[in-house]
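Trainee: Can you look at this prediction? I've put the sequence above it.
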Amino acid sequence: MARDGLRETAGGIDRGNGIALKAGWSSAWVAIVLAVALASLPAAAIVNLAAQDGGTATQLRATVLSSTPSVLGASGGRGLVPSEASPVPGVGWEALSHASNGLSPPDVQIAVGPDHVVEAVNSALGIYTKLGAFVTNTNLSSLFSSGSDPVGDPRILYDAFSGRWFVSAGAFSRGQVLVAVSKTGDPAGNWSTYQVPAAPTSSCLDQPILGVGTWNLIVSVNAYSSCTSPPYTFEGSQYWVLNKTDLVAGVANPATWASIRNTVQFSVHPVRMESPSPIQYMVSTLWDPANPVSVILQSFAVTGSPPGTVQVTVSDHQMAATAQLPPPAPQRGSFYNLDTGDFRIVDALWSRGLLWLSFNDQCRTTFSRTACARLIELDTGADAIVQDFWVSSSLRDYFYPGLALDGYGNLAVVVGVSSSNDYPGLLVTGRLRDDPHGEFQPPVPVKAGSGAEESSCSSSSNRCRYGDYFGASPDPTDPTRVWLAGQFARGTSAGWGTYILPARIKAMLTVNYAVDSGAPSPNGPMLHYVRNGTAVAAQVGPTHATFLADPGTSWQIDSSFMSSSGDARYLVRAADEENLHGVANRSIVLSVAYQLEYPVSVDVTSGGSVAYASNSTTGIVESGKNGTFFVFPGNVVTLTARPSSLLYVFAGWSGDLTGSAASQSVTVGGSQSIVARFAPNWAFLAAMGTVGAMAAATLAVFLRRGRRKGKLAAVEPGRPPSPPPVGPFP
């Protein structure tokens, strides 16, 4: 509620001179209608919003593995206009608004369970189905039975491990943090409520932050001397560790461990724990008390659970670049700028050994200075920063980044966005788990503002409250989906609005093909991939186009394809063969080179065959067959006609080759259709006929003679020869 000495009111802002946070800081509030803004920009500028950032991070420490801000595909793909973009927003809806309670800013949060989406704002809960149907609206004062005491700065989480909902809020007049735990998995049902600390205090416990882990609930605050009366002296940061089992069981006095108040640490942020871990984490940017900058990220590892021993181990990490206060953000149609906050952590989550966090920062180019979103990934096993980069634009201000990981470790980011040409709105971006360090997908507009935001403004500072943070959540029943929520502007009379939407992170396969000679064919190779669980085949063209694949699935591009007319074939170059397939665990920008080949069709009549040979292929087309082979332009093909026996002779070539020579060479400059003609060998057949007639006559004579001799020599079997004749002799 009271952030850096600012008191949230329905009608304006009171600012004191806080010790830790000074009134002169340049923080502002922004507004944007993304639809209007993006429609007025060249397409390349839309894609490259995040690439136009404020400078390059300097690697300050060996454990920082990457620190260069980049838009996905910037290497070789900068300026490409994707035909499809990720994250893919689902159907969203306008949720709680300024009219619900009149407090500014809304402090938007969201949590998602198996059946419900719950939004928390100052100072109400809105419960919806996942289709956006309104279920109920609960005032935080009613939930906590706080009566007329002001309640605000809400946080909400759904804990998939216990199946319960957790809500925290500040009770500013009592100097306590209120905690509620649902008694069942139904957020519209009954809740158990608690006060932290158990007894009221005289301090202002500002901006309580909630984290729920395997064993504990942690809530942290910044303590001030007062929420309403100057000088708003900073008394230190403090956090409490509560036994989660006691809370879920509804124990009246749950076991609790309290830290001391630390005036050096500011805004220690419990991390949203999204997978089981015996260690629970917190993070904080370490502020320089003499200068509002930060170069150190602190991580806190919390082990143990009350009433047992609780131990907190703090590690310092050198950030890749100095964090600075973001500038105010101009908004269309208003004298007032938007307060973009400061560089305290605005969101943090942990899953399977990796911790992501975000905060507002300042980005500079030669000609601009904008508010931007800073993202850092920390490997808690190695206790080292993995990557550290900005999501930014030289044309617009980005602020209050909310983070969500899907079930496969892919990151979604929702940010507010504004400029002097745009009303405040929302956009989303993201990155796949295995994307190169520092790369993210082009921002996608999801909600445009419809007017300036002037719900709570100060004429002396020329700015309006906004934020202070946005919300994001995984979906416990759909590992491919995350949920995002944030503030958008609706104009002075309407006040702020909030918007909830689901989104899915996809692998962006941005591909085209090129040919080594001649104009590319209007049709190209087919890309085979999986989208939304269904196998898809899409044609790749000569111009880059983006196709969205399910993360972790396989994709493949055809190694060859025919032109639409069939008069040419395109064969992938050997050097690109390894690029024709992969797994969609990262987005890519790919250009595949193909070599042009022309078909040579040889039709062989009966009676022979044709052997062909070039420097790229050899083969034989058999008698009575048609064969087609492919040859690179300019190659020479030698065709040799061979009769199948002496009964046939080669009769000549026809089609695109003429002549009677049995062996000829052709220089291929286009598709070829050739006929090899064979005919009976009549001379041979005639000669064979004469020889046959003579042989037949000779055989006939021989057979006649043989018959006569046979008659003289023949005797009747088993009978002796006749005796010589007896009688007078002539």
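Mentor: Ah, there it is. Keep in mind it's a predicted model, so treat the numbers as computed, not measured.

Trainee: what ranges do the strands span in the stretch 601-730 of the chain?
Mentor: 608-613, 618-621, 626-631, 636-643, 648-655, 663-667, 672-680 (DSSP state E, counting those that start in this stretch).

Trainee: In a markdown table: the ones you listed, plus mean pLDDT.
Mentor: Listed next are the strands of the stretch 601-730 of the chain as a markdown table, based on pLDDT from 0 to 100:
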| stretch | mean pLDDT |
| --- | --- |
| strand 608-613 | 97 |
| strand 618-621 | 96 |
| strand 626-631 | 95 |
| strand 636-643 | 96 |
| strand 648-655 | 96 |
| strand 663-667 | 95 |
| strand 672-680 | 96 |
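
Trainee: so can I have a markdown table of those strands showing distance to residue 297 and mean neighbour count?
Mentor: Just so you know, the C-beta spots here come from the backbone N, C-alpha and C atoms, and that holds for glycine as well. Formatted as a markdown table, the strands of the stretch 601-730 of the chain follow (distance: least, C-beta to C-beta, whole Å; neighbours: other C-beta atoms under 10 Å):
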| stretch | distance to residue 297 | mean neighbour count |
| --- | --- | --- |
| strand 608-613 | 68 | 20 |
| strand 618-621 | 66 | 16 |
| strand 626-631 | 59 | 18 |
| strand 636-643 | 67 | 19 |
| strand 648-655 | 75 | 18 |
| strand 663-667 | 68 | 14 |
| strand 672-680 | 68 | 19 |
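
Trainee: With respect to residue 525, which of those lies nearest?
Mentor: With respect to residue 525, and counting by C-beta to C-beta, the nearest of the strands of the stretch 601-730 of the chain is strand 626-631 at 15.4 Å.

Trainee: What pairs with the closest one, parallel or antiparallel?
Mentor: Strand pairing for strand 626-631, using DSSP bridges, gives strand 588-604 (antiparallel).

Trainee: quick one: low-confidence parts of the stretch 1-150 of the chain?
Mentor: Applying pLDDT under 70 to the stretch 1-150 of the chain flags residues 1-83, 100-101.

Trainee: swap in the chain?
Mentor: Residue ranges of the chain with pLDDT under 70: 1-83, 100-101, 289, 692, 695, 701, 706-730.

Trainee: what's the domain layout of it?
Mentor: For the chain, automatic domain parsing gives the domain ranges 6-504, 507-596, 605-682.

Trainee: any chance of those domains in a markdown table, plus distance to residue 705?
Mentor: Output for the domains of the chain, formatted as a markdown table (distance: least, C-beta to C-beta, whole Å):
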| stretch | distance to residue 705 |
| --- | --- |
| domain 6-504 | 95 |
| domain 507-596 | 69 |
| domain 605-682 | 33 |
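
Trainee: and the ones you listed, which is most packed in?
Mentor: Across these, averaging neighbours per residue (mean count of other C-beta atoms under 10 Å) puts domain 6-504 on top, at a mean of 21.

Trainee: Residue 698 is nearest to which of the domains of the chain?
Mentor: domain 605-682 (23.0 Å).

Trainee: Relative to residue 449, which of the strands of the stretch 601-730 of the chain is closest?
Mentor: Closest approach to residue 449 among these (C-beta to C-beta): strand 626-631, 57.6 Å.

Trainee: could I get that closest one in PDB with only the CA atoms?
Mentor: Output in PDB follows, covering the C-alpha atoms of strand 626-631 (Å, rounded to 0.1, in the frame of the first residue of the first chain):
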ATOM      1  CA  ASN A 626      10.400 -45.100 -69.000                       C
ATOM      2  CA  GLY A 627      13.000 -43.700 -66.700                       C
ATOM      3  CA  THR A 628      13.600 -40.300 -65.200                       C
ATOM      4  CA  PHE A 629      16.700 -39.000 -63.600                       C
ATOM      5  CA  PHE A 630      17.900 -35.600 -62.400                       C
ATOM      6  CA  VAL A 631      20.900 -33.600 -63.500                       C
END
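
Trainee: which other residues reach that strand?
Mentor: Around strand 626-631, the neighbours that count as contacts under C-beta atoms under 8 Å, 6 or more residues apart in numbering are 569, 571, 597-604, 610, 612, 614, 616-617, 619, 621, 637, 668.

Trainee: Any idea how far it is from the middle of the chain?
Mentor: Distance of strand 626-631 from its chain centroid, counting by C-alpha atoms, centre = their mean, to the nearest Å, is 43 Å.

Trainee: Tell me what angle it forms with strand 636-643.
Mentor: 160 degrees (axes from the mean of the first three to the mean of the last three C-alpha atoms, to 10 degrees).

Trainee: Just the angle for strand 626-631 relative to strand 663-667, thanks.
Mentor: Using the same axes, to 10 degrees: strand 626-631 against strand 663-667 is 50 degrees.

Trainee: Now do the same contact list for residue 411.
Mentor: Residue 411 neighbours (C-beta under 8 Å, 6+ apart): 356, 403-405, 430-431, 433, 505.
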